[in-house]
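1. sequence and predicted structure below; questions after.
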Amino acid sequence: DQQVKQNSPSLSVQEGRISILNCDYTNSMFDYFLWYKKYPAEGPTFLISISSIKDKNEDGRFTVFLNKSAKHLSLHIVPSQPGDSAVYFCAARNQGGKLIFGQGTELSVKP
Amino acid sequence: DAGVTQSPTHLIKTRGQQVTLRCSPKSGHDTVSWYQQALGQGPQFIFQYYEEEERQRGNFPDRFSGHQFPNYSSELNVNALLLGDSALYLCASRMQREGPDTQYFGPGTRLTVL
């Protein structure tokens, strides 16, 4: 039972353009959502988060949008840079405080 | 300031063997969580340790056990290894009173079971 899904295994974007990574979830009781970035041979690194009581959070080039009615969140990166090329995971926190991760989307930003 | 460190980096075992993975949390952190990341999947929560006790557990069999030491470092033990246990094992640490966005991950231990 995959409670958090990232349906796009990969995404390719031109440098300077917008990258949009999507994530869907099934559990309406999730109270906190996070995005992580992972480079090869490194552990995931926290990027940005959003509480379930908000619909948008922005940090520099990164913005996360939450649509609770659709049980959908997205990460926007503007402008995209080659150094953004990595695997991105969304994660959701359940009632017990555990993090449930999606399968990841590999972003490739081409110069 | 060293972040989260894990050892060993890579490990090869055969079915039925037992393995111990080690994790040192980031300085100042008191809570350690372990995750299993299979190829092409996201990390899956195994369990969390705080004050030397297992506080939460994911959907993993009893073959997976752990320990936390007084210096907050932690071990993950897996008994009776199966081929399906082959994965990247990630350790993450944070301060208990802080939120999940303060959690730092280590680089992982790549376990291969033959």
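-> Structure's in. What do you need?
2. show me the shaky parts of chain B.
-> Within chain B, the stretches with pLDDT under 70 are B:1.
3. wait, what's in contact with the most centrally placed residue in chain B?
-> Taking C-alpha atoms, centre = their mean as the criterion, B:Trp34 is the residue nearest the geometric centre of chain B, at 3.1 Å. By C-beta atoms under 8 Å, 6 or more residues apart in numbering or on different chains, the contact set of B:Trp34 is B:Cys23, B:Phe45, B:Ile46, B:Phe47, B:Gln48, B:Gly66, B:Ser74, B:Leu76, B:Tyr89, B:Leu90, B:Cys91, B:Ala92. All C-beta atoms are positioned from the backbone trio N, CA, C, and that covers glycine.
4. what does chain B put close to chain A?
-> When proximity is defined as C-beta under 8 Å from any C-beta of the partner chain, chain B approaches chain A at B:4, B:35, B:40-45, B:48, B:56, B:58, B:90, B:92, B:99-108.
5. the helix or strand hosting B:Arg55 packs against which elements?
-> Using DSSP states H and E, B:Arg55 sits within strand B:53-57. Strand B:53-57 sits against strand B:44-50, with contacts defined as 3 or more C-beta pairs under 8 Å, 6 or more residues apart in numbering or on different chains; DSSP states H and E.
6. what's the span of stretch B:2-18 from first residue to last?
-> 29 Å (C-alpha to C-alpha, to the nearest Å).
7. how far is that stretch from where the chain is centred?
-> Centroid separation between stretch B:2-18 and its chain, computed with C-alpha atoms, centre = their mean, to the nearest Å, is 10 Å.
8. what does that stretch rub up against?
-> A:43, B:19, B:21-27, B:29, B:77-83, B:89-93, B:104-114.
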